[in-house]
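Trainee: When you get a sec, could you give me coordinates for this:
(one chain, ligands or ions: 2)
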Amino acid sequence: MSAQREDVTELAGLEAPKLGPTGRPLRDFPVPKKLRSHGPARIIALCNQKGGVGKTTTSINLGATLAEYGRKVLAIDFDPQGALSAGLGVQTHDVTTIYDLLLGAQRDVTAAILPTGVENLDIIPANIDLSAAEVHLVNEVAREQILARVLRQVTDRYDVILIDCQPSLGLLTVNALTAAHGVVIPLECEYFALRGVALLVETIEKIRDRLNPAITLDGILATMYDSRTLHSREVLQRVVEAFGDQVLETVIARTVKFPDASVAAAPVTTFAPEHTSAENYRQLARELVFRGAVA
Ligand SMILES: Nc1ncnc2c1ncn2[C@@H]1O[C@H](COP(=O)(O)OP(=O)(O)OP(=O)(O)O)[C@@H](O)[C@H]1O
Ligand SMILES: [Mg+2]
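Mentor: Ligands and ions are numbered 1, 2, ... in the order given. The predicted structure follows:
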C-alpha cells in the first residue's frame, strides 16, 4: 500500500520540497540582470551593536559579490577598528578617511574613495581617528545627518553603498541609520544571538519616527551557521519564529575560510572563489536583488 502511494507521488512529481536551513523551501535566486546604467545608489547599513556577528565579513563579501554581478559598490568603513579597510587590503595611514569627511576637513568626498583589489568595489577607509568623531560631532547642528550629507555627493556613481557599522548604537551608528535606505542585521547563530535585537529594532523605529521615515529592514542574516550542530539549528529556528519572513533565506555557514580570507586581506570570492563560503555570499547578493533591496 505505502509502496504504491510512493509510486503515485513520484509519478506526479509530488515529493516533498527540500527545505532550506530557515525551514522554507530551498530555491535558487536568479542571476541578476546586467545594469545598463548606474546609480542612484541604495544605501544599506550593516548593523548590530553586538560584536563579532559578521558585519564586516558581510560588508566585504556582499560588496564583492554584488560587484561580481556588475553592480558598482562603495563600502564605507564606519568602525574606528578599520577592519573593513584591512579586510580589503587597504592601508589607512596618511590617507583621507571617513573621519576627515565627517569633520569637514576634506569636503571633496571623491578624495577619500580608494579602489580595492576587486573590480567595481571601492572603499572609503577608516582608522582609529574615527573614535574621536562622536565627541567632535555631538555639538554640530544636525549631528545625526552628517554622513547622509557626505554620501549625497557620490550616490549617483554607485548602485549600492554598504556601511559597515561599529558594534554600538552611538552617534556614528545613528548617522549610518539616518543615511541608509535599508538595514541588514547579521546575527550569529549562537545562544545569545537574539539578545539586544529588540533594542536594535526599537532604535531603527525611533530613527524612522524622527530622522529617516523611509528606512526599511532589508533582512536579518543568519551567520556562522553550523548545520551539524543541533544548537545552530535551534537558534536559527528561534530566530525564524521571532522574525518570520524578515529572516533572509540565505544563511552563511561557519567556516574557517572567512578568518583565512581576512588574513589574506581579500574577500572569499578572491581567496577561495569555488568554496561554499563564496557561494553563500553570491546567493545573498542574488536574494537582495530579488527582494528589491539592490538594483
Ligand atoms: N561565517 C563565518 N564563519 C566563520 N568565521 C566567521 C564567519 N563570519 C565571520 N567570521 C569571523 O568572525 C570574526 C568576527 O567577524 P566580523 O569581524 O565580520 O564581525 P563584526 O560583527 O564585524 O565584528 P565587530 O562587531 O567587532 O565589528 C572574524 O574573525 C571573522 O573572520
Ligand atoms: Mg566589524
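Trainee: Please make it C-alpha for all contacts and neighbour counts, starting now.
Mentor: Fine.
Trainee: Contacts for the top strand by length along the chain next, please.
Mentor: Ordering each strand of the chain by length in residues (DSSP state E) puts strand 216-225 first. Strand 216-225 has contacts (C-alpha atoms under 8 Å, 6 or more residues apart in numbering) with 53-54, 181-189, 232-233, 236, 246-248, 250-255, 288, 293.
Trainee: And stretch 263-283, by the same measure?
Mentor: Contacts for stretch 263-283 (C-alpha under 8 Å, 6+ apart): 28-29, 58, 60-62, 64-66, 86-89, 117, 250-253, 255, 257-258, 261.
Trainee: in it, what counts as buried?
Mentor: If you call a residue buried by 16 or more other C-alpha atoms under 10 Å, then stretch 263-283 has these buried ones: 264-272, 276-283.
Trainee: What of stretch 127-137?
Mentor: The neighbour-count check on stretch 127-137 (16+ other C-alpha under 10 Å) flags Asn127, Leu130, Ser131, Ala133, Leu137 as buried.
Trainee: and what of stretch 240-257?
Mentor: Neighbour-count burial for stretch 240-257 [16+ other C-alpha under 10 Å]: Val240, Val247, Leu248, Glu249, Thr250, Val251, Ile252, Ala253, Arg254, Lys257.
Trainee: Columns secondary structure and distance to Arg228 on top of the buried residues of stretch 127-137, output as JSON lines?
Mentor: JSON lines is the format used below for the buried residues of stretch 127-137 (DSSP: H, G, I helix; E, B strand; the rest coil; distance: C-alpha to C-alpha, whole Å):
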{"residue": "Asn127", "secondary structure": "coil", "distance to Arg228": "38"}
{"residue": "Leu130", "secondary structure": "helix", "distance to Arg228": "40"}
{"residue": "Ser131", "secondary structure": "helix", "distance to Arg228": "39"}
{"residue": "Ala133", "secondary structure": "helix", "distance to Arg228": "43"}
{"residue": "Leu137", "secondary structure": "helix", "distance to Arg228": "46"}
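Trainee: what residues does the stretch 51-200 of the chain put near ligand 1?
Mentor: Gly51, Gly52, Val53, Gly54, Lys55, Thr56, Thr57, Gln166, Pro167 (C-alpha under 6 Å from any ligand atom).
Trainee: give me that answer again for 5 Å
Mentor: Contact residues (C-alpha under 5 Å from any ligand atom) of the stretch 51-200 of the chain with ligand 1: Gly51, Gly52, Val53, Gly54, Lys55, Thr56, Thr57, Pro167.
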